[in-house]
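Chemist: give me the fold of what follows.
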Amino acid sequence: KVIQDGNPEKIIEAKVGDNLRKTLLENNVEVYRGLKKKLGNCGGGGQCGFCAVDFVESEGWQARSEYEDGKIAKFPTARLACLNNIQGPATIRVE
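Modeler: Residues are numbered from 1 along each chain as shown. Sure, this is the predicted structure:
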């Protein structure tokens, strides 16, 4: 499930192993809101941090990586969508 301000909650069906960023974009979830994020995103390379999403609930997902801890340290429940493949059910809040 995806929660995003200004939009109704959206249920997305996806397969385990699918990339989270690609899945969100393919389902018309606006991952990059604002001009800075639209123009400055790294295209899924894990460099910019703009695709960070907040995991409200998750089942069966591994803990985030040390790289993510360093990149988005001030957001302890966030994950970089580009670096994560779907591992199970989740409720995700997108900025």
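Chemist: just the strands in the chain please.
Modeler: In the chain, strands defined by DSSP state E lie at 2-4, 7-10, 52-58, 78-80, 90-94, listed in chain order.
Chemist: can you tell me the closest non-neighbouring residue to V29?
Modeler: Ranked by CB to CB, 6 or more residues apart in numbering and with sequence neighbours excluded, the top spatial neighbour of V29 is V2, at 5.4 Å. For the C-beta atoms, the positions are set from N, CA and C on the backbone; glycine is no exception.
Chemist: for the one you found, give me its contacts.
Modeler: Counting by CB atoms under 8 Å, 6 or more residues apart in numbering, V2 touches E9, K10, I11, I12, L24, N27, V29, T91, I92, R93, V94.
Chemist: next, the contact list for the nearest residue to D5 once chain neighbours are set aside, please.
Modeler: Spatial nearest neighbour of D5, chain neighbours left out: E95 (7.8 Å); criterion: CB to CB, 6+ apart. By CB under 8 Å, 6+ apart, E95 lies in contact with Q4, D5, R33, A52, V53, D54.
Chemist: how does it look with 10 Å?
Modeler: 4-5, 30-34, 37, 50-54, 78 (CB atoms under 10 Å, 6 or more residues apart in numbering).
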